[in-house]
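> Prediction below, plus the sequence it came from.
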Amino acid sequence: MRTIVVNVEQRNVRIAQRQEPRRPRGTEVLLRPIEVGICGTDREIFAFEHGAPPPGSSELVLGHEALAEIVEVGPDVAWARPGRLVVPMVRRPCPNPRCAACRAGRPEYCATGEFSERGIVHADGFMSEYVLEDERYLVPVPAVLEDVAVVVEPLSVVAKAAEEFAAIHARFGFDIPRPRGLVLGAGPVGLLAAMTLRADDIDTYVFSREAEDSPRAELIRSLEATYISAAHTPLERLPERIGAVDDVFEAVGVAEVAFGALPTLAANGVIVMSGIPAERGPVPADLSRWMRDLVLKNQVLLGTVNASRSAFESAVHRLEQFMVLFPDAVRSLIVRSPFEQAPDVLMRGRGIKDVIVIGRG
């Protein structure tokens with residue numbers, strides 16, 4: 001069968017032939033990936049800046065944002081059936097018996113760093129014609145979402161942040177009359193975050209570097225959100241442009257932007273950071289002001305990575321909601337390319353959310 005692999009010794013990415021998986025046992029499920037999305041993490045792996053192959057191997061099969069069809073199931077599965085559509089979760093628990101998070105089935109909070117992630121760290125991904133997976137790591141998807149379900153995995157990152165926002169706000173004991181939100185970045189995750197905020201009836205602003213008349217700006221306005229271009233409004237002037245916001249979702253991976261937006265955060269506000277900046281030198285910062293505001297205004301600064309089953313399930317439900325509220329915006333995110341073009345698409349993106357088509361039916 002064909003796979004897309006990155007070889008860390010030869011430092012190349014290629015289409016490779018591998019033996020098909022054996023038949024599933026126990027609660028295992030044989031999957032036929034239909035589509036696999038490409039994100040910034042994949043491109044970092046492609047550039048040999050991130051990722052690691054399975055132990056004992058020099059090659060890693062890419063792809064962690066997958067939509068797949070169940071082909072065959074083991075004898076002990078609970079709900080999986082051939083023909084059903086599923087989205088696989090990404091992270092797998094670490095083996096350390098002292099990691100309470102992983103032992104509780106919450107590897108997104110792994111405390112040891114010894115976890116594995118399909119298509120990223122120490123575990124092959126889904127950019128392959130067939131994949132063997134355990135049923136417990138699969139999330140069912142309604143067939144009506146087949147054309148857009150490949151975005152469930154990136155949407156799960158946003159869904160997890162929404163869970164965090166809700167949990168933190170719940171401690172107040174009162175409701176914010178008309179909440180306001182700010183998204184930093186207009187990439188796939190940022191756009192999905194804007195959709196999530198709008199679906200929750202939150203006044204939404206998106207700050208990014210694209211021009212005011214760019215296609216992404218038009219997409220954001222189609223959600224009835226406000227787009228603000230960094231070309232016209234410098235970051236330091238953002239507070240006077242939009243006022244104070246209750247929730248900030250960061251999706252740029254640039255420290256200067258993430259922390260530079262803190263002055264927009266209202267009292268009792270929450271900022272969730274999801275981006276991972278490249279390692280480089282120190283960044284000048286007004287730490288005293290930030291600390292003063294965080295303390296005196298009861299603000300919360302939170303980092304989030306990966307997502308739990310609840311977040312994946314929430315992402316499926318939110319995607320169903322999006323397809324009622326703004327279906328054209330969701331579909332416009334996706335640009336599909338055939339399997340043979342995957343190495344080139346990894347090098348040169350073609351759309352907002354590049355997707356590799358592996359097989360259908």
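That came through, no problem.
> Verify the contact between E153 and E65 for me.
Yes. E153 is within contact range of E65, at 4.1 Å (criterion: Cβ atoms under 8 Å). All C-beta atoms are positioned from the backbone trio N, CA, C, and that covers glycine.
> Overlap in contacts, the two.
Common neighbours of E153 and E65, counting by Cβ atoms under 8 Å, 6 or more residues apart in numbering, are G37.
> With neighbour numbers in mind, choose between these two.
E65 (29 against 25; other Cβ atoms under 10 Å).
> contacting residues for the more buried one?
Per Cβ under 8 Å, 6+ apart, neighbours of E65: V36, G37, I38, C39, V150, V151, E153, P154.
> The fifth one - that's part of a helix, no?
It refers to V150. Yes. Under DSSP: H, G, I helix; E, B strand; the rest coil, V150 sits within a helix.
> mind listing the helices for the protein?
Assigned helices in the chain, in chain order: 40-46, 100-103, 152-169, 188-199, 215-222, 238-242, 255-260, 287-296, 309-325, 327-333, 342-347 (criterion: DSSP state H).
> Mind listing residues that contact the shortest one?
When you say that, I think you mean helix 100-103. P93, C94, N96, P97, P107, E108, Y109, C110, A111, T112, F115.
> quick check, distance from that helix to the centre of its chain.
How far helix 100-103 lies from its chain's middle: 22 Å, per Cα atoms, centre = their mean, to the nearest Å.
> Now it - C-alpha only, PDB.
As requested, the backbone C-alpha atoms of helix 100-103 are provided in PDB (Å, rounded to 0.1, in the frame of the first residue of the first chain):
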ATOM      1  CA  ALA A 100      -2.300  10.400  36.800                       C
ATOM      2  CA  ALA A 101      -3.600  12.200  33.700                       C
ATOM      3  CA  CYS A 102      -2.800   9.400  31.200                       C
ATOM      4  CA  ARG A 103      -4.000   6.700  33.600                       C
END
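> Okay, buried residues for that helix please.
A101, C102 (16 or more other Cβ atoms under 10 Å).
> Check the first one too.
Of the residues in helix 40-46, T41, D42, R43, I45, F46 count as buried by neighbour count, 16+ other Cβ under 10 Å.
> Repeat that for the last one.
Going by neighbour count (16+ other Cβ under 10 Å), the buried part of helix 342-347 is A342, P343, V345, L346.
> try the fifth one
Judged by neighbour count (16+ other Cβ under 10 Å), helix 215-222 contains these buried residues: R216, A217, L219, I220.
> That one versus helix 188-199: what angle between them?
Per axes from the mean of the first three to the mean of the last three Cα atoms, to 10 degrees, the angle that helix 215-222 makes with helix 188-199 is 10 degrees.
> ok so, going back, ok, which pair from the buried residues of helix 342-347 is furthest apart?
Spanning the widest gap among the buried residues of helix 342-347 are P343 and V345, at 7.4 Å by Cβ to Cβ.
> sorry, back to before: any idea which of the buried residues of helix 215-222 is the one closest to M323?
Nearest member of the buried residues of helix 215-222 to M323, counting by Cβ to Cβ, is L219, at 15.3 Å.
> how close does the closest one sit to A167?
29 Å (Cβ to Cβ, to the nearest Å).
> Please apply the same query to G187.
For G187, the distance to A167 - Cβ to Cβ - is 25 Å.
> These two: which is more packed in?
Between G187 and A167, G187 has the larger neighbour count (other Cβ under 10 Å), namely 21 against 10.
> Next up, the contacts around that one.
Contacts of G187 (Cβ under 8 Å, 6+ apart): G40, A251, V252, I352.
> Any of the residues you listed buried? List them.
Among the contacts of G187, the ones that count as buried by 16+ other Cβ under 10 Å are A251, V252, I352.
> For G351, grab the count of nearby residues.
15.
> Look up the residues forming beta bridges with the closest residue to it other than its chain neighbours.
Once flanking residues are discounted, G351 sits nearest to V335: 2.6 Å by Cβ to Cβ, 6 or more residues apart in numbering. Under DSSP bridges, the beta-bridge partners of V335 are D354.
> Look at V335 and report its pLDDT.
V335 is assigned a pLDDT of 97 by the prediction.
> Repeat that for G361.
Reading off the model, G361 has pLDDT 49.
> Low-confidence regions, the protein specifically.
360-361 (pLDDT under 70).
> ok so, going back, I'd like the buried residues of helix 342-347 as TSV, with distance to L301 appended.
Listed next are these as TSV, based on distance: Cβ to Cβ, whole Å:
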residue	distance to L301
A342	37
P343	39
V345	35
L346	33
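> Go through those residues and say which is closest to A329.
V345 (22.1 Å).
> so who does R171 touch?
Applying Cβ under 8 Å, 6+ apart to R171 gives no contacts.
> Next one: I242 from G74, what distance?
In terms of Cβ to Cβ, I242 sits 53 Å off from G74.
> And P24, its phi and psi?
P24 adopts backbone torsions of phi -70, psi 150, taken as degrees, to the nearest 10.
> quick one: contacts for it?
Listed by Cβ under 8 Å, 6+ apart, the contact set of P24 reads L30, E72, V73, G74, L132.
> Let's see that with 10 Å instead.
30-31, 70-77, 80, 132-135 (Cβ atoms under 10 Å, 6 or more residues apart in numbering).
> Name only those of those that count as buried.
Buried among the contacts of P24 (16+ other Cβ under 10 Å): L30, L31, I70, E72, V73, G74, V77, A80, L132, E133, D134, E135.
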